[in-house]
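Trainee: Build me a model:
(chains A, B, C and D)
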2 protein chains.
Amino acid sequence: MPSSAKVNMADVARRAGVSMATASRALSDHPHVAPATRARVLAAAEHLSYVISPEASRLAGGTTGRVAVVVPHISRWFFASLLEGLEAVLRESDLDVLLYHVGDAADRSTFFQRLPARRKVDAVVVLGMPVAEPERERLGLMGVHIVAAGGQVESYPYVSVDDLAAGRQAMDHLLFLGHRRIGMIATADPGQPGWPAVRGRTRAYHEAHADAGIPVDERLIVEVPWGGAPGADAMAQLLGLRKPPTAVYAHSDEVALGAVRTLRRAGLRIPGDVSVVGIDDHPLADLTDLTTVAQPVREQGTLAGRMVLSLLSGEDITDGVTVPTRLVIRGSTGPPRP
Amino acid sequence: MPSSAKVNMADVARRAGVSMATASRALSDHPHVAPATRARVLAAAEHLSYVISPEASRLAGGTTGRVAVVVPHISRWFFASLLEGLEAVLRESDLDVLLYHVGDAADRSTFFQRLPARRKVDAVVVLGMPVAEPERERLGLMGVHIVAAGGQVESYPYVSVDDLAAGRQAMDHLLFLGHRRIGMIATADPGQPGWPAVRGRTRAYHEAHADAGIPVDERLIVEVPWGGAPGADAMAQLLGLRKPPTAVYAHSDEVALGAVRTLRRAGLRIPGDVSVVGIDDHPLADLTDLTTVAQPVREQGTLAGRMVLSLLSGEDITDGVTVPTRLVIRGSTGPPRP
DNA sequence: GTCCGAACTGGAAGCGCTTCCAAATTGATA
DNA sequence: TATCAATTTGGAAGCGCTTCCAGTTCGGAC
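Mentor: Just a heads-up that it's a prediction; the model follows:
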């Protein structure tokens, strides 16, 4: 562990032949510093390869220059992509990202109870998870800006897709193809009760049926935890019905891919025997030829980042932003067998 | 943006009827504080819902309590999983994770040139990317501990798999099944020249051939960027040969899945006509029935986290840790058509 | 040639905490 | 009971910066 000689602003000031006050102003780009002086200070700093101490700077009155990002499942493509987009924007503005992973319910309550990011950030971004009232109250204690992304969270500025509309795109596609017995594999995340996306996507199933004048057969609805394996199990359950569906609408691509596996193993053809549609447009959806409803994930992170920037610069944002989704028809859907 | 009343240590000390010095000691768990006094201070802090100012604390002499994580591709399962494991360990010890994404070459040079994490962290973890000599030099300037994970990076303590061995597991499996014409889809990440994993996995191909006494047909080797689509292209190229391979060894599962798509679209059967093996054991490999070489990804992150903890507690770690890989035989490999 | 205000620059007071040093207290030993 | 060491506590000096408040400098208008 090499240790670089610690050089501080006083050294820079001395070398530039100015006072610390001036050095500070020059370095932080304040007005009322003669161009020549500023240049001299900057040169000195450069020469000494000086790096300002964020702690001292902050303590003396600045901001933290950090934003906390709270995310439930880092390793899932959806969340990681949101994060990637967000980080890019924030970094560009020299803001550091402090990562907080709150996977299960225990993590959640710990996080909101202890509020580990308190006093450490200028804003917090909540990625793809609902925030219940008591949690909102705790978050409020932090006294910083809050933005939600990847899921509409009322009472915070958010960026999200319209999950109801997305679900409808998938369902209407199936209905348009002529399917009348459509199964739904809904996801339930025990760590995130009440995730709005789930509600919207589920409602789409019902509304689509209502609009098409088709009664919903409750047996065609299966709710499982998120993931491929659960999706596979759900499909098996649907296949076990005396009258299996001719098409399946899954709440997410990973779940849909699980369903696909079960269908394949059962020797059924896709879409010949059963059509499958997912939501998200995971990169692997393209590879596996899965019809899905695409949502711009990275972009949602980007937009959230910009929101943070605006908020931090004093703008007063309160509204949410909804980005459009788009049906991507691939090879996993087709008309039902006549 | 609600603002919580700012209460500082002086308030706590006053309420507990002690000096700031004592309050500080009590709060940071120092010895030489009477149990009763400590309890009183803690109670006061609790009552005022006091949160220490990390900046002030740090400035006055502590550590930052932060570690920087540098990662090239957040949204890829492999990196996100490493990150997830790492974060869990660090968080448990109340260390915050500062995320730095360096995707392409430009990001890289910016990162190493500006060293944005300088003076902000106690350690930095480099995830799955090589560090060239000049970069290493820059990193050294930070004067903090450095750990590498998800790829063996000489001269830093690291945790990684043995890529050569992993590659051999895949290749030997294919050879054992009787394949003699084996294609390799190697990956090249332009943003990370010289990634050791690539070298090891490529070497495995050659050594396996040598050990089996089979000459390598260079036309069977295709190098493409990482990803499903490139993998698909590579497979198409291999199929275009007058004598296509009977099996394909891909450097990663995503790439392998791309190859699978091409094979499917070409109407070829897997493994009947062509066997495919990947590396990593991506969750979707299970779903798509892909034979692969599994590596414990999350665990590598975990181990790296523990290394950081040890280093931070003064231990003197210099050696790397290599975790084992394991061949997972699924449905995408079988004996060649006789 | 003098005077005035704008543009710069420096002095110094903190920001909220840690820790060295010394003072005070306590218990045990002689 | 007197004495000494060990334990607790408080005082105070910073840690490295920002910024208010004055003082200084300089050019141009009078």
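Trainee: mind checking the SS state of A:V159?
Mentor: Look at A:V159: counting by DSSP: H, G, I helix; E, B strand; the rest coil, its state is strand.
Trainee: Bridged to it, which residues?
Mentor: When bridges are assigned using DSSP bridges, the partners listed for A:V159 are A:A149, A:V321.
Trainee: For it, give me the pLDDT.
Mentor: Here, the pLDDT recorded for A:V159 equals 96.
Trainee: Can you name the residues that contact it?
Mentor: Shown here is A:V159, whose contacts under the criterion CB atoms under 8 Å, 6 or more residues apart in numbering or on different chains are A:147-150, A:300, A:303-304, A:307, A:320-323. Heads up, the C-betas are built off the backbone N, CA and C, glycines and all.
Trainee: could you redo the last one with a cut-off of 6 Å?
Mentor: Under the criterion of CB atoms under 6 Å, 6 or more residues apart in numbering or on different chains, the neighbours of A:V159 are A:149, A:300, A:303-304, A:321.
Trainee: likewise A:L175?
Mentor: With contacts taken as CB under 6 Å, 6+ apart, A:L175 has the following neighbours: A:A212.
Trainee: secondary structure class for it?
Mentor: Put simply, A:L175 is helix when judged by three-state DSSP.
Trainee: same thing with the one 5 residues further on?
Mentor: Reducing the assignment at A:R180 to three states with three-state DSSP gives coil.
Trainee: do the one 4 residues further on as well
Mentor: For A:M184, the secondary structure call by three-state DSSP comes out as strand.
Trainee: host element of A:L263?
Mentor: Under DSSP states H and E, the secondary-structure element containing A:L263 is helix A:253-265.
Trainee: Go through that helix and flag the buried ones.
Mentor: Neighbour-count burial for helix A:253-265 flags A:253-263 (criterion: 16 or more other CB atoms under 10 Å in any protein chain shown).
Trainee: Now A:L48: closest residue in space, sequence neighbours ignored.
Mentor: A:V7 (4.7 Å; CB to CB, 6 or more residues apart in numbering or on different chains).
Trainee: got the contact list for stretch A:310-322?
Mentor: Taking CB under 6 Å, 6+ apart as the criterion, the residues outside stretch A:310-322 that touch it are A:122, A:145, A:157-159, A:162, A:303, A:307.
Trainee: Looking at those residues, spot the one nearest B:G65.
Mentor: For the contacts of stretch A:310-322, the residue nearest B:G65 by CB to CB is A:D122; the value is 17.6 Å.
Trainee: Quick one: residues contacting that closest one.
Mentor: Residues A:63-64, A:144, A:312 are the ones in contact with A:D122 under the rule CB under 6 Å, 6+ apart.
Trainee: wait, which of the contacts of A:V159 is closest to DNA strand C?
Mentor: A:A304 (29.7 Å; CB to the nearest atom of the strand).
Trainee: Is the nearest residue to A:H173 once chain neighbours are set aside bridged to anything, and to what?
Mentor: If the residues on either side of it in the chain are set aside, A:H173 comes closest to A:L327, at 5.6 Å by CB to CB, 6+ apart. According to DSSP bridges, the residues that bridge with A:L327 are A:V293.
Trainee: who touches A:L309 in this structure?
Mentor: If a contact means CB under 6 Å, 6+ apart, then A:L309 has A:S93 as its contacts.
Trainee: touching DNA strand D at all, the one helix or strand it maps to?
Mentor: In the assignment (DSSP H and E), A:L309 maps to helix A:297-312. No. For a cut-off given as CB under 7 Å from any atom of the strand, helix A:297-312 has no contacts with DNA strand D; the smallest distance is 14.8 Å.
Trainee: which parts of that helix are buried?
Mentor: A:297-298, A:300-309, A:311-312.
Trainee: closest to B:G227 among the contacts of A:V159?
Mentor: Using CB to CB, A:Q300 comes nearest to B:G227 of the contacts of A:V159, at 21.5 Å.
Trainee: so the closest one touches A:A149, yeah?
Mentor: Yes. Assessed by CB atoms under 6 Å, A:Q300 is found in contact with A:A149 at 5.3 Å.
Trainee: which residues do these two both contact?
Mentor: Common contact partners of A:Q300 and A:A149 (CB under 6 Å, 6+ apart): A:82, A:159.
Trainee: if we can go back for a sec, of the contacts of stretch A:310-322, closest to DNA strand C?
Mentor: Taking CB to the nearest atom of the strand as the measure, A:D122 is the one of the contacts of stretch A:310-322 closest to DNA strand C, at 15.7 Å.
Trainee: Quick check: A:A26 vs DNA strand C, distance?
Mentor: Computed as CB to the nearest atom of the strand, to the nearest Å, the A:A26 to DNA strand C distance reads 7 Å.
Trainee: so what's that residue scoring on pLDDT?
Mentor: Turning to A:A26, the model gives it a pLDDT of 91.
Trainee: who touches A:Y249 in this structure?
Mentor: Each residue near A:Y249 by CB under 6 Å, 6+ apart is listed here: A:170-171, A:182, A:184, A:277.
Trainee: cool, and A:G278?
Mentor: When contacts are counted by CB under 6 Å, 6+ apart, A:G278 is found next to A:250, A:253, A:256, A:290, A:292.
Trainee: The helix or strand where it lies versus helix A:297-312: what angle between them?
Mentor: Using DSSP H and E, A:G278 sits within strand A:275-280. Inter-element angle recorded for strand A:275-280 and helix A:297-312: 20 degrees (by axes from the mean of the first three to the mean of the last three CA atoms, to 10 degrees).
Trainee: Any stretches of the stretch 1-150 of chain A with poor pLDDT?
Mentor: Judged against pLDDT under 70, the low-scoring parts of the stretch 1-150 of chain A cover residues A:1-5, A:62.
Trainee: quick revisit: neighbours of the residue nearest to A:L48, how many?
Mentor: 16 (other CB atoms under 10 Å in any protein chain shown).
Trainee: quick one: it and B:G258, what's the gap?
Mentor: Here the distance between A:V7 and B:G258 works out to 51 Å (CB to CB, to the nearest Å).
Trainee: Save the contacts of A:G278 as JSON lines, and put in distance to A:M129 too.
Mentor: As requested, the contacts of A:G278 are arranged in JSON lines below (distance: CB to CB, whole Å):
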{"residue": "A:A250", "distance to A:M129": "20"}
{"residue": "A:D253", "distance to A:M129": "19"}
{"residue": "A:A256", "distance to A:M129": "22"}
{"residue": "A:L290", "distance to A:M129": "25"}
{"residue": "A:T292", "distance to A:M129": "22"}
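Trainee: hmm, stretch A:188-203 in reach of chain B?
Mentor: No. Where contact is defined by CB under 6 Å from any CB of the partner chain, no part of stretch A:188-203 touches chain B; the two come within 13.7 Å at best.
Trainee: So for that stretch, what gets flagged as buried?
Mentor: Judged by neighbour count (16+ other CB under 10 Å), stretch A:188-203 contains these buried residues: A:189, A:191-192, A:195-202.
Trainee: Kindly reformat those residues as CSV containing secondary structure and pLDDT.
Mentor: Formatted as CSV, the entries for the buried residues of stretch A:188-203 read as follows, by DSSP: H, G, I helix; E, B strand; the rest coil; pLDDT from 0 to 100:
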residue, secondary structure, pLDDT
A:D189, coil, 82
A:G191, coil, 76
A:Q192, coil, 76
A:W195, coil, 79
A:P196, helix, 76
A:A197, helix, 83
A:V198, helix, 86
A:R199, helix, 89
A:G200, helix, 92
A:R201, helix, 95
A:T202, helix, 96
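Trainee: Just name the closest of those residues to chain B, please.
Mentor: When these are ranked by distance to chain B (CB to the nearest CB), A:G191 comes first, at 13.7 Å.
Trainee: Could you measure from the closest residue to the closest one other than its chain neighbours over to B:Q300?
Mentor: If you skip the residues right next to it in sequence, A:G191 has A:D104 as its closest partner in space, 4.4 Å away by CB to CB, 6+ apart. For A:D104, the distance to B:Q300 equals 22 Å [CB to CB].
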